[in-house]
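# this one's structure only:
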């Protein structure tokens, strides 16, 4: 055992003990976070406008602080971007994480000196939780690759800005720098396809042990590796023993990845966003990710079916239930207050609190009242693939309201790795799996309002070509699994 791997095990034990302190006292942990946030921000412009100095309970907070999305908070954010201090949080932010919103144009999410450390610690602690549970630490001796955005940062009124993954790249600990790939020069390449080609050249002959990134990015990297060497990724990198991912559900990709790698590789799921690092997978034996209750974020939850109601009830951590879809609402030490990030979650465990990401509040299909969400379609296609050789590169789903003939239906646009022998039978398996999960959809099929879903095959590289055409290939961009219209579906058919 190397000194580095021995040290990782010791450090993992220390962090585990610290984590268990707040894990075993979740309600009080969130209460302390809530009180500290209000105390730290009561002299800000937002704090004064919303009477933070007079808020003495969570009920007071609900009365004074409404739920907002980025557009709702934008008047305050614009003041911060303009260089004003003490607006949403004390002082000025260290960075802006710049993201592209579908309705808001460019979004500037503040990162403060108080919030930034939690982004770094959460990613570190996820790996240490794996080391603690499994006792495996040899991977720290190999090379590690993090597929991420460019670390080149711009500046706006004295505050640096860039993609979150590019900002985080500046915080990689010194003890990992020698093991980390790709090089700074390669990481700074803006064009994603050119960047992946350069990463392949840099890494193909290296002792890669950890690979991290959004699955769709990593898939492109793996495909290019296989094309170059003509053998599975697991043979190219015999010591590749840990895959770390976030951003999208890995399950629809798992079969394809295991085929490309040539074997199974343990994985760790993360739930990071520009707005905060919310959860990570803390165990290999149970479902879900540990919700980080001590990370400078106060959580609220609104049931999805109630979200668009006026004065929808807001739930705190002690009031949530298993298996319910909640819209995730956050207040943070970066100055986001009652903020709807757009993600929906389900709790799969309450001791400790573990969640799965079930979708996006804006990404659903309910053209016929079926209320189908991302988690349901991902689970359905995964169930249909089980026990088969079928693999899927990418997919998305949209309603077909006005077909040329027959009943309306859900259209699944799928780019296969390995196609099913019988496409209609595969579609029926997905349909049956979805009907088991969603009673509204089942009622529509039984009542002959909808017919069984229809699969439309997308050509190889079709999804990548579409994302490239709209300037969103690579980076932190993800294709929606679900749309309630046909904008994406109709465009995809051109590729």
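Now that the structure is in, tell me what you want to look at. Just so it is clear, the model here is predicted, and its values are computed rather than measured.

# Which stretches in the stretch 101-250 of the chain count as helices?
116-134, 164-168, 174-177, 184-187, 192-203, 215-229, 233-236 (DSSP state H, counting those that start in this stretch).

# In CSV, list those along with mean neighbour count.
C-betas here are computed from N, CA, C, even on glycine. Formatted as CSV, the helices of the stretch 101-250 of the chain follow (neighbours: other Cβ atoms under 10 Å):
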stretch, mean neighbour count
helix 116-134, 20
helix 164-168, 23
helix 174-177, 10
helix 184-187, 15
helix 192-203, 18
helix 215-229, 19
helix 233-236, 19
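
# closest one to residue 421 among the ones you listed?
Ranking the helices of the stretch 101-250 of the chain by proximity to residue 421 (Cβ to Cβ) places helix 215-229 first, at 23.2 Å.

# avg pLDDT for the closest one?
Confidence for helix 215-229, expressed as mean pLDDT, is 89.

# need the longest helix for the protein.
helix 3-23 (DSSP state H).

# what comes into contact with it?
29, 124-125, 128-129, 131-132, 135, 137-138, 140-141, 175, 282, 290, 293-294, 352 (Cβ atoms under 8 Å, 6 or more residues apart in numbering).

# End to end on stretch 62-76, go ahead and measure it.
End-to-end distance for stretch 62-76, by Cα to Cα, to the nearest Å: 19 Å.

# between the helices of the stretch 101-250 of the chain, which gets the lowest average pLDDT?
helix 174-177 (a mean of 68).

# before we move on, the earlier item: okay, angle between the longest helix of the chain and helix 116-134 too, please.
Using axes from the mean of the first three to the mean of the last three Cα atoms, to 10 degrees, the direction of helix 3-23 lies 110 degrees away from that of helix 116-134.

# Show me how far helix 3-23 is from its chain's centre.
25 Å (Cα atoms, centre = their mean, to the nearest Å).

# Let me see the mean pLDDT of that helix.
93.

# out of everything not next to it in sequence, what's closest to residue 379?
residue 437 (6.4 Å; Cβ to Cβ, 6 or more residues apart in numbering).

# now that neighbour: how far from residue 366?
From residue 437 across to residue 366, the span is 15 Å (Cβ to Cβ, to the nearest Å).

# follow-up on the earlier one: mind listing what's buried in the helix or strand that the longest helix of the chain is followed by?
Downstream of helix 3-23, the first helix or strand assigned by DSSP states H and E is helix 26-41. In terms of neighbour count (16 or more other Cβ atoms under 10 Å), helix 26-41 has its buried residues at 26, 29, 30, 31, 33, 34, 37, 38, 40, 41.

# Verify the stated contact: the last one with residue 335.
Yes - because the distance of 6.9 Å satisfies Cβ atoms under 8 Å, residue 41 is recorded as touching residue 335.

# what residues are shared contacts of these two?
In contact with both residue 41 and residue 335: 88, 89, using Cβ under 8 Å, 6+ apart.

# Any stretches of the stretch 251-400 of the chain with poor pLDDT?
Applying pLDDT under 70 to the stretch 251-400 of the chain flags no residue at all.

# Could I get the full set of strands for it?
Using DSSP state E, counting those that start in this stretch, the strands of the stretch 251-400 of the chain run over residues 267-273, 276-280, 289-291, 297-303, 326-332, 339-350, 353-360, 364-365, 372-373, 391-400.

# Look at residue 405 and tell me its secondary structure.
Residue 405 falls in the coil class when you classify it by DSSP: H, G, I helix; E, B strand; the rest coil.

# What is the neighbour count of it?
Residue 405 has 4 neighbours, counted by other Cβ atoms under 10 Å.

# Then residue 283?
Neighbour tally, residue 283, other Cβ under 10 Å: 17.

# Would you confirm that it contacts residue 129?
Yes - with contact defined as Cβ under 8 Å, residue 283 counts as touching residue 129 (7.3 Å).

# can I see the domain layout of the chain?
Here the domain parsing of the chain from the TED database is 3-115+274-360, 137-265, 364-493.

# what distance separates the start and the end of the first one?
This means domain 3-115+274-360. OK, domain 3-115+274-360 end separation, Cα to Cα: 44 Å.

# And it, how far out from the chain middle?
That offset, for domain 3-115+274-360, works out to 15 Å (Cα atoms, centre = their mean).

# now the shortest one
For domain 137-265, the separation from the chain centroid amounts to 16 Å (computed by Cα atoms, centre = their mean).

# Repeat that for the last one.
Averaging C-alpha coordinates over domain 364-493 and over its chain gives two centres that are 20 Å apart (Cα atoms, centre = their mean).

# end-to-end on that domain?
20 Å.

# Could you do the shortest one as well?
End-to-end span of domain 137-265 (Cα to Cα): 14 Å.

# so who does residue 375 touch?
With contact set as Cβ under 8 Å, 6+ apart, residue 375 has these partners: 249, 346, 356, 357, 358, 359.

# distance of the last one from residue 429?
So that's residue 359. Distance from residue 359 to residue 429, by Cβ to Cβ: 21 Å.

# okay, those two: which has more neighbours?
Between residue 359 and residue 429, counted using other Cβ under 10 Å, the more crowded position is residue 359 (25 against 20).

# list the contacts for the more buried one?
With Cβ under 8 Å, 6+ apart, residue 359 has these contacts: 325, 343, 344, 373, 374, 375, 481, 482.

# Roughly how far does the residue of the chain most remote from its centre sit from residue 428?
Of all residues in the chain, residue 405 has its C-alpha farthest from the mean position, at 38.5 Å, by Cα atoms, centre = their mean. Residue 405 is 20 Å from residue 428, where distance means Cβ to Cβ.

# Please apply the same query to residue 21.
In this view, residue 21 and residue 428 are 50 Å apart by Cβ to Cβ.

# neighbour-wise, which of these two wins?
Counting neighbours by other Cβ under 10 Å for residue 21 and for residue 428 shows that residue 428 has the greater number, 14 against 10.
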